[in-house]
Every structure is written in C-alpha cells, then in structure tokens.
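**Q** sequence? don't have it. structure:
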C-alpha cells in the first residue's frame with residue numbers, strides 16, 4: 001500500500017505521517033511538502049530514516065510535477081492535508097489561498113483521476129477540511145455533516161471550494177473520496193502564529209498577548225494527536241463518499257482559554273499567578289471574525305468508534321511541556337520571515 005500524505009511536514013500532517021509510518025510497517029508512506037514557512041522536516045527527525053518512509057519535496061500548485069510524481073510512484077491512497085490555513089494571512093493575500101487550497105487540490109484530483117482510471121476499488125482520496133467552511137454559529141447549536149456551507153473568510157471560502165470540487169469529482173467521475181471537517185487543533189509542533197503556541201512563546205518572552213476584540217469568540221479545541229488517530233480511523237474504516245466531522249466536544253471562549261493558559265504557564269514557570277495575564281492586550285478585531293464554532297462529532301463516534309482521548313486541560317499541559325522541552329525548535333521557527341509577519345500583523 002502506497003499512501004501519499006500532502007503537507008506532511010506541517011503541524012497536523014507530521015503527526016499523521018508519524019502515526020502511519022510507525023503503526024503500519026507494511027505500508028509505504030510518502031510525505032509530500034513544499035516546505036513553506038509552516039513546513040518543517042525537524043518535526044519528523046524521529047522517523048525520517050524509517051524504511052517505509054519517503055519525503056518528496058513538491059508544491060501541489062505545480063500540476064506538471066504532481067502528475068509526474070503520480071506516474072512515477074503510483075500512489076494507492078492520498079491523505080490531503082497541504083493547505084494555507086491561517087485566516088489572518090488569507091485576509092492579507094487571498095489569492096495565495098486560492099492557488100494552494102483550490103488549484104492545488106484540483107491538481108491532485110486530476111493526477112489521481114488520470115492514474116486510477118476506472119479501477120478504484122483500492123483507491124481513496126481523503127480530503128482534510130475545516131469547520132470554518134460552515135461559517136458562524138449563534139449561542140446554541142452544533143455543526144453537523146448536513147450544515148450548509150457559509151464561509152466568512154478567504155481561507156474558509158478556499159477550503160469550501162476545494163470541498164465542493166472533491167464532491168463534484170465523486171459525482172462526475174465516480175471518484176473515491178472521503179472528507180472530514182475538523183475543529184481547532186492544538187499540540188506539539190504547531191507553528192507559533194496560531195493562538196496557543198503564539199501565546200506560549202510570548203509568555204516565555206514576556207511579550208504582549210494580543211486578544212482580538214473582546215475575546216468572547218468561542219472555539220471547539222481538539223488535541224492534534226487525537227486528530228491524527230481520527231484520520232487514521234477514517235482512512236481505514238470510513239465509507240467512501242461520506243463526510244465526518246471531527247471535534248473535541250470542548251468549547252472555550254478565547255479569553256477564558258487565555259486565562260487558563262496564563263495560569264498554567266505561571267505554575268509551570270514558577271511565576272506568581274497573574275504575571276502572564278498582565279500581558280493580555282486587546283487588539284482591533286479582524287474582519288469577518290466568526291463568533292462561534294462547535295462540532296457535533298457523534299457520527300464518527302457512533303459509526304467508527306472514535307472519540308477524544310484527553311481532556312483539554314490534559315492536552316494543554318502536554319502542549320506546554322512540549323514547548324518548554326523544545327525551546328530550540330521554538331527559537332528556530334520564530335526567526336526570519338515569521339518575525340516580519342508577526343510585526344506586520346500584531347505590532348502595526
């Protein structure tokens with residue numbers, strides 16, 4: 001079995017690659033990544049010499065290169081994680097998200113279609129998406145697999161578009177696909193532009209903690225290792241043509257999460273409680289900011305037997321410990337382009 005994981009050097013992708021390489025020695029796992037700012041092969045140094053692992057440096061926006069790779073390696077299944085994923089960046093440069101998330105996905109679909117032809121019994125295109133395609137919830141309710149799409153940011157719109165193209169290929173070409181839509185992930189190896197790793201790094205350096213608006217935006221949080229297990233489960237047990245929502249049943253308002261993180265960091269660093277919270281700085285809200293996301297993950301639980309394995313507090317403690325034990329990794333990824341971006345986004 002030859003499985004291609006796109007975006008496998010990124011945050012979620014690296015955990016998926018590691019799990020597949022270590023769990024299934026009879027498979028060969030190909031990790032395709034363009035190694036942009038969020039892709040980091042140091043995320044995978046523990047398995048990079050494994051006999052069933054191969055890294056392929058490639059950009060999914062390069063249709064010719066992608067086609068050549070498919071013709072060369074004849075992948076049986078694709079787990080498609082490669083994407084531009086940061087909402088703030090999508091507001092600054094929407095076309096970059098169209099190129100990667102829409103055109104890149106199309107290039108993969110076309111390559112799969114050309115190689116797999118009509119005999120697709122052992123083939124699968126597993127497309128990883130986001131709960132942000134559903135838009136914003138009010139005070140009540142949950143996103144289900146039947147929720148209508150209503151994206152409110154360029155990032156969400158690009159992911160919604162790619163979801164629609166995957167489904168369209170299923171209908172038009174009898175193409176074997178599965179889609180999953182997941183809530184906010186957190187955990188080790190997360191590039192520090194997203195809330196939790198950004199704030200861990202800023203607390204370490206006693207820098208301001210920039211909270212958008214009033215901080216009362218609600219998100220459903222899922223530990224990345226649990227997401228990797230869910231992806232593995234869907235890859236092996238999911239039904240072709242189905243969508244599965246993956247969530248942690250774990251809603252937190254941003255400001256409450258930040259205060260919990262501050263307290264846990266103060267305790268871990270032996271600082272007086274309130275030291276980190278004093279760094280909280282409210283900044284101008286971003287355009288199109290969705291008020292609340294919350295996933296109903298009952299389908300994957302009932303049909304495939306998956307559920308989160310850790311509480312948020314357990315996962316957050318493990319995440320904090322990982323960053324404190326991997327300060328060299330953190331220092332390396334918070335230099336150069338990221339510092340320029342951080343200045344533009346939060347200090348201008």
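**A** That came in fine, so what should we check first? This is a predicted model, so every value here is computed, not measured.
**Q** Any regions of this structure where pLDDT drops low?
**A** The chain contains residues with pLDDT under 70 at 336-348.
**Q** And the helices in it?
**A** Secondary structure of the chain (DSSP state H): helices located at 11-23, 63-73, 87-92, 94-97, 104-116, 154-173, 195-204, 224-237, 254-268, 298-304, 312-325, 327-333, 337-346.
**Q** Select, out of those helices, the one closest to residue 135.
**A** Taking Cβ to Cβ, helix 154-173 is the member of the helices of the chain nearest to residue 135, at 7.5 Å. Yep, even glycine has a C-beta here, placed from its N, CA and C like the rest.
**Q** Tell me which residues of the closest one come out buried.
**A** Buried residues in helix 154-173, counted by 16 or more other Cβ atoms under 10 Å: 154-163, 165-167, 169-170.
**Q** what's the answer for stretch 33-44, then?
**A** Under 16+ other Cβ under 10 Å, the buried positions of stretch 33-44 are 33-34, 36, 38-40, 43-44.
**Q** Of all the helices of the chain, which one is nearest residue 290?
**A** Nearest of the helices of the chain to residue 290, taken as Cβ to Cβ: helix 154-173 at 8.0 Å.
**Q** quick one: that closest one to chain centroid distance?
**A** Centroid displacement of helix 154-173 relative to its chain, using Cα atoms, centre = their mean, to the nearest Å, is 17 Å.
**Q** List the contacts of that helix.
**A** For helix 154-173, the external contacting residues (Cβ atoms under 8 Å, 6 or more residues apart in numbering) are 83-87, 89-91, 94, 97-98, 100-102, 105-106, 109, 113, 125, 127, 129-130, 132-133, 135, 149, 151, 175-177, 179, 181, 241.
**Q** Only whichever of those are buried, select them in ChimeraX.
**A** Buried residues among these (16+ other Cβ under 10 Å), as a ChimeraX selection:
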select :83,84,85,86,87,89,90,91,94,97,98,100,101,102,105,106,109,113,125,127,129,130,132,133,135,151,175,176,177,179,181
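**Q** Can you point out the buried residues in stretch 225-243?
**A** Buried, per 16+ other Cβ under 10 Å, within stretch 225-243: 225-235, 238, 240, 242-243.
**Q** Centre of the chain to that stretch, how far?
**A** Counting by Cα atoms, centre = their mean, stretch 225-243 comes out at 14 Å from the chain centroid.
**Q** Touching that stretch from outside, list them.
**A** Applying Cβ under 8 Å, 6+ apart, the contact partners of stretch 225-243 are 3, 12, 15-16, 18-20, 23, 77, 79, 124, 126, 128, 145, 170, 176-182, 185, 187, 244, 246, 248, 300, 303-306, 308-310, 315.
**Q** ok, now with 6 Å
**A** 15-16, 19, 126, 145, 170, 176, 178-180, 182, 185, 244, 246, 304, 306, 308-309 (Cβ atoms under 6 Å, 6 or more residues apart in numbering).
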